[in-house]
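> Provided below are the primary sequence and the corresponding predicted coordinates.
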Amino acid sequence: MFKDGWFEVSETLRLYERRLVPTETPLANVVIIHGYGDHCTRYAWTMERFVEAGLATFTYDQRGHGRSPGKRGYIYQFEHLLDDLGLFLTHLQEDLAPVPLFLLGHSMGGMVLARYMQTRTVETQGLVFSSPFLAFSDNLPKCIVALGPIIARILPCAPIGKVNNKGLSRDSSVIEATNNDPLSYHGRVAAHTASEFYRIIEEVEEDLEKITQPMLVLHGGADHVVSPSGSEMLYKGAASVDKELRIYSDGYHELFNDLEKEQYVSEIVTWIKSRI
């Protein structure tokens with residue numbers, strides 16, 4: 001049974017969290033960090049599959065997303081998201097079974113995970129990156145990407161882009177559910193938010209050698225939301241000795257919600273279990 005609750009990140013801010021753990025002692029703990037415009041309850045199916053495999057699973061809604069408070073889809077300073085992840089991990093410590101910890105970041109959650117590992121300290125057995133947002137979509141005009149930081153300084157709230165939900169999955173039911181989901185963000189990306197993404201992508205690329213943990217990188221080759229080139233950059237540049245990159249030629253952005261989702265989750269479980 002899912003256990004929902006809240007954890008405190010400051011005197012005035014609490015974020016929504018969700019847990020699902022096996023009845024027996026788990027083989028490992030897994031923390032999931034969701035993507036932009038996303039929220040943690042969309043990972044219910046994945047969490048159930050992980051728990052069936054003996055993995056205790058924990059996740060939360062990032063600020064401005066899902067049930068957590070904050071301006072919808074707006075990122076004032078990306079480092080706040082790193083702080084929130086650190087506080088969530090600290091919050092979990094007394095409840096985690098004494099088994100290995102794995103961190104899984106999807107899309108913007110992968111960006112959070114990459115930058116967190118470069119700037120903070122955490123003892124983890126491995127990292128899983130699912131379609132990490134480390135390069136803008138190839139469909140986004142390069143002039144928009146280049147002008148984003150300039151527009152952000154003049155008009156920080158100016159809308160300059162929007163996620164096309166049709167690119168999330170080849171499963172039409174997933175698209176329909178997302179379009180009708182009140183907890184998903186359906187608005188446009190503000191210029192300031194886009195400029196924060198641009199800044200962090202550059203910083204991640206500059207510090208790739210600081211990522212040394214075992215890692216598995218998964219990306220859909222037909223991802224139109226973020227470019228698979230970001231995953232290739234991460235794989236090539238990370239100093240990890242134990243690292244794998246798997247590009248699924250027909251896969252869309254949300255591999256956990258795509259047609260071969262059983263395969264993707266099974267591969268993650270196998271990878272995690274082989275490193276316990």
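Right, received. Where do you want to start? In this text the structure is predicted, and so the values were computed from the model without any measurement. Numbers count the residues shown, from 1 in each chain.

> CA only for contacts and neighbour counts going forward, please
Fine.

> how near is the residue positioned nearest the centre of the chain to D95?
Residue closest to the mean C-alpha point of the chain, counted by C-alpha atoms, centre = their mean, is G109 at 2.1 Å. Taken as C-alpha to C-alpha, to the nearest Å, the spacing of G109 relative to D95 amounts to 23 Å.

> can you check K261 too?
29 Å.

> of the two, which one has the most company?
Taking other C-alpha atoms under 10 Å, K261 and D95 do not tie; K261 has more neighbours (16 against 8).

> identify the residue nearest the more buried one in space, chain neighbours excluded?
With C-alpha to C-alpha, 6 or more residues apart in numbering as the criterion, K261 has its nearest non-adjacent residue at 5.9 Å, and that residue is L255.

> list the contacts of the one you found.
Remark: with contacts taken as C-alpha atoms under 8 Å, 6 or more residues apart in numbering, L255 is in contact with 130-131, 169, 219-220, 261, 264.

> next one: T178
Contacts of T178 were listed using C-alpha under 8 Å, 6+ apart, and they are 165, 184.

> that one looks like it's in a helix, true?
Yes: per DSSP: H, G, I helix; E, B strand; the rest coil, T178 lies within a helix segment.

> give me the distance between it and L20.
Taking C-alpha to C-alpha as the criterion, T178 is separated from L20 by 22 Å.

> likewise P98?
As defined by C-alpha to C-alpha, P98 lies at a distance of 16 Å from L20.

> check N29 too.
Spatial separation of N29 from L20 under the definition C-alpha to C-alpha is 10 Å.

> comparing the two, which shows the higher neighbour count?
Neighbours around N29 and L20, counted as other C-alpha under 10 Å, are more numerous at N29. The numbers are 24 against 19.

> tell me who's in contact with T193.
Listed by C-alpha under 8 Å, 6+ apart, the contact partners of T193 are 74-76, 156.

> before we move on, which element is it in?
Counting by DSSP states H and E, the element that carries T193 is helix 191-206.

> starting at the chain centroid, how far to that helix?
15 Å (C-alpha atoms, centre = their mean, to the nearest Å).

> got the phi and psi for V226?
phi -130, psi 150 (degrees, to the nearest 10).

> pull the number of nearby residues for it.
For V226, the neighbour count with other C-alpha under 10 Å is 27.

> OK, contacts around the closest residue to it other than its chain neighbours?
In this structure, V226 finds its nearest non-sequential neighbour in S137, 4.2 Å apart by C-alpha to C-alpha, 6+ apart. Contacts for S137 were tallied using C-alpha under 8 Å, 6+ apart; they are 224-227.
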